[in-house]
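Q: Predicted structure and sequence below. I'll ask about it afterward.
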Amino acid sequence: MIPKLVYDDDCRFCTWSATFAVRRGDVIPVRLSRVERGESRLSDEERERLPEGFEECAQLLTDDAVFSCGAAVERSLVIAGLLPAGVVDVLNRFGAYERLREAVYHLASDQRDRLSNVIGADPPVSQHVPEGSVHPEESSR
C-alpha cells in the first residue's frame, strides 16, 4: 500500500505541507473534507482505521500503522528521505522526544493561519503536483 496522508484541505499551510510530502515521497494526498463526506481515496477499511478525533490533525496510513499529528509529519519526512529512519526509530524510544515532537506539531498547528501567510498553498494538492505524480489510478477522488 502506498501511504496516504490525510490533510486539512481548508488550511493553506496544511496543503503546502501535504504538497511538500507528495513531491518528495511516495505518498498519496487525501483531502479531509472528502473523508468527512465519505468521498475520499480511503477504502472503508482504511477509514475504519482512523483514530477517534482524526479530524484534529494530520493522519498517515501505512500498511501496518496509522500515524497521527507529529508522528504523521515525522513519518512523511522519513518516507521523503529527509529524516533517517534508524535515527527516528531510536528517538521514538524516548518519551521526552515524543512529547517534544507533538508539542512542536501542535505549536505549528495552532499558528497555521499565520504560517499560511508565509508558506501556504491553495488546495487541493493536485493543483500543485501533476496528477501523474499523485498516482493517477487513485487520484480524482
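A: Great, that's in hand.
Q: Got the phi and psi for residue 68?
A: phi -120, psi 150 (degrees, to the nearest 10).
Q: how about residue 60, what does it touch?
A: 3-6, 27, 66-68, 71-72, 75-76 (Cβ atoms under 8 Å, 6 or more residues apart in numbering). For the C-beta atoms, the positions are set from N, CA and C on the backbone; glycine is no exception.
Q: Assign the residue nearest to residue 38 when sequence neighbours are not counted to helix, strand or coil.
A: Setting aside the residues directly before and after it, residue 38 is nearest to residue 47 in space (Cβ to Cβ, 6 or more residues apart in numbering), at 7.8 Å. Judged by DSSP: H, G, I helix; E, B strand; the rest coil, the three-state class of residue 47 is helix.
Q: so who does residue 47 touch?
A: Applying Cβ under 8 Å, 6+ apart, the residues near residue 47 are 35, 38, 40.
Q: returning to what we had before: using neighbour counts, trim the contacts of residue 60 to the buried set.
A: 3-6, 27, 66-68, 71-72, 75-76 (16 or more other Cβ atoms under 10 Å).
Q: coming back round to it: which of the contacts of residue 60 lies closest to residue 103?
A: residue 71 (12.7 Å; Cβ to Cβ).
Q: ok, residue 2 touching residue 28?
A: Yes. The pair residue 2 / residue 28 is scored as a contact, 5.3 Å apart, by Cβ atoms under 8 Å.
Q: These two - which one has more neighbours?
A: residue 28 (22 against 15; other Cβ atoms under 10 Å).
Q: Now do the nearest residue in space to that one that is not next to it in sequence, the pLDDT please.
A: Leaving out its chain neighbours, the residue that sits closest to residue 28 by Cβ to Cβ, 6+ apart is residue 4, at 4.7 Å. At residue 4, the pLDDT value in this model is 97.
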